[in-house]
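S.K.: 3D model of this:
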Amino acid sequence: MNKEDKIYVAGHRGMVGSAIIRKLRAEGYENIVTRTSKELDLRDQYGVRDFFIEEKPDYVFLAAAKVGGIVANNTYRAEFLYDNLMIQNNVIHHSWLNGVKKLLFLGSSCIYPKLAPQPLREDALLTGPLEPTNEPYAIAKIAGIKMCDAYRDQYGCNYISVMPTNLYGPNDNYDLQNSHVLPALIRKFHEAKIEQKPYVEIWGTGSPLREFMHVDDLADACFFLMENYNERGFINIGVGKDISIKELALLIKKIVGYEGELRFDTSKPDGTPRKLLDISKLAALGFKVKISLEEGVRAVYEEYSRKT
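M.R.: Okay, the predicted model is just below:
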């Protein structure tokens, strides 16, 4: 990418899209095109067609998606499948029609089979059944990967796909009904500290292992891959190590300064015992994360506590 190139970031208001814009601006890229969902419904084929004809972006970061937690994924199964298919189909297809030089498609680690061996390698894709609760979302993301590859095979498009691990950072979702575990724990511990509650309740046993990556590290990786990766197939983006939910809770407890106790509700499900990405493919290219989990959580909590 050159500084004068026009770059379209789809989904710029989300946690990932906004991080990509911060990274681009930090690197001196100012010719950035965005549209809110009110200005451009990416499910609308004709609207997307008109946008690409008008703007003619040189590069595209496709971070737009309909996302949600387990309950939303399982309840609105048709919407998660339809909306995500339409968003990525329209953006990828019209990128090709309008001569986009390179496109980066962002997926999700939920694309892997439920019982795939850990750490999750890229070649585990489509080797077994998916997790049923988020299968529609996963199917859409798998279709996006395959669409990028198909447009590469048939039309010679330089479209790449990346699969990030669990993310946290600025613009995260702290709604206890549909947020992910890390922001949910930050909110629980913060409110327990303010309200002087004697304990914080955590679902499950605390034993499941999860990997967490600061979204600014993800944005660095996306920028790095846009500059250095030009292959078919997809590439995992993660930190290469995991932490138990109990250890994460204790870390957040320390950072928040909460002095009560933890209580684990073992009547609630643990979910998958472990979910860690194999990042050897990314590491072989020379990329390394910069933000430690403790450093990242401290920064996120400082921002969160200022706003509450």
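S.K.: domain ranges for the protein?
M.R.: 7-168+212-240+278-284, 181-208+242-273+292-307 (automatic domain parsing).
S.K.: send the alpha carbons of the helix or strand hosting Cys222 over as PDB?
M.R.: Following DSSP states H and E, one finds Cys222 within helix 215-228. Taking C-alpha atoms only, helix 215-228 is exported to PDB below (Å, rounded to 0.1, in the frame of the first residue of the first chain):
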ATOM      1  CA  VAL A 215      -7.400  -5.600  19.300                       C
ATOM      2  CA  ASP A 216      -4.500  -3.200  18.600                       C
ATOM      3  CA  ASP A 217      -2.200  -6.200  18.200                       C
ATOM      4  CA  LEU A 218      -4.800  -7.700  15.800                       C
ATOM      5  CA  ALA A 219      -4.700  -4.400  13.800                       C
ATOM      6  CA  ASP A 220      -0.900  -4.500  13.700                       C
ATOM      7  CA  ALA A 221      -1.200  -8.100  12.300                       C
ATOM      8  CA  CYS A 222      -3.800  -7.200   9.700                       C
ATOM      9  CA  PHE A 223      -1.600  -4.300   8.500                       C
ATOM     10  CA  PHE A 224       1.500  -6.600   8.500                       C
ATOM     11  CA  LEU A 225      -0.400  -9.200   6.500                       C
ATOM     12  CA  MET A 226      -1.800  -6.700   4.000                       C
ATOM     13  CA  GLU A 227       1.800  -5.700   3.300                       C
ATOM     14  CA  ASN A 228       3.400  -9.100   3.400                       C
END
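S.K.: Run through the neighbouring helices and strands of that helix.
M.R.: Under the contact criterion of 3 or more CB pairs under 8 Å, 6 or more residues apart in numbering; DSSP states H and E, helix 215-228 touches helix 15-26, strand 59-62, strand 102-106, strand 159-164, strand 166-168, strand 234-237. Yep, even glycine has a C-beta here, placed from its N, CA and C like the rest.
S.K.: need those in TSV with mean pLDDT, mean neighbour count and distance to Asp123, can you?
M.R.: Formatted as TSV, the helices and strands packed on helix 215-228 follow (pLDDT from 0 to 100; neighbours: other CB atoms under 10 Å; distance: least, CB to CB, whole Å):
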stretch	mean pLDDT	mean neighbour count	distance to Asp123
helix 15-26	98	20	25
strand 59-62	98	26	23
strand 102-106	98	23	19
strand 159-164	98	23	13
strand 166-168	96	20	21
strand 234-237	98	24	11
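S.K.: for Asp172, helix, strand, or coil?
M.R.: Secondary structure state of Asp172, per DSSP: H, G, I helix; E, B strand; the rest coil, is coil.
S.K.: Tell me who's in contact with it.
M.R.: If you count contacts by CB atoms under 8 Å, 6 or more residues apart in numbering, Asp172 has them with 15, 179-180, 182-183, 215, 300.
S.K.: Please apply the same query to Phe212.
M.R.: By CB under 8 Å, 6+ apart, the residues touching Phe212 are 165-168, 182, 239, 243, 248, 293, 296.
S.K.: can you give me phi and psi for it?
M.R.: According to degrees, to the nearest 10, the main-chain angles of Phe212 amount to phi -130, psi 130.
S.K.: Could you tell me how many residues sit around Tyr174?
M.R.: 17 (other CB atoms under 10 Å).
S.K.: quick revisit: tabulate the domains of the chain in JSON lines, adding columns for distance to Met1.
M.R.: Conversion of the domains of the chain to JSON lines gives the following (distance: least, CB to CB, whole Å):
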{"stretch": "domain 7-168+212-240+278-284", "distance to Met1": "6"}
{"stretch": "domain 181-208+242-273+292-307", "distance to Met1": "26"}
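S.K.: Could you say which of the ones you listed is packed most deeply?
M.R.: Highest mean neighbour count among the domains of the chain (mean count of other CB atoms under 10 Å): domain 7-168+212-240+278-284, with a mean of 19.
S.K.: All the strands of this protein, residue numbers only.
M.R.: Counting by DSSP state E, one finds strands in the chain at the ranges 7-10, 32-33, 59-62, 102-106, 159-164, 166-168, 199-203, 209-210, 212-214, 234-237, 243-244, 261-265, 274-275.
S.K.: By average pLDDT, which secondary structure element in the chain comes out worst?
M.R.: helix 70-75 (a mean of 80; mean pLDDT, DSSP states H and E).
S.K.: So which elements touch it?
M.R.: Checking 3+ CB pairs under 8 Å, 6+ apart, helix 70-75 ends up next to no helix or strand.
S.K.: let's have the chain start at 268 instead
M.R.: I'll keep to 268 as the first residue from here, and by that count the last item is helix 337-342.
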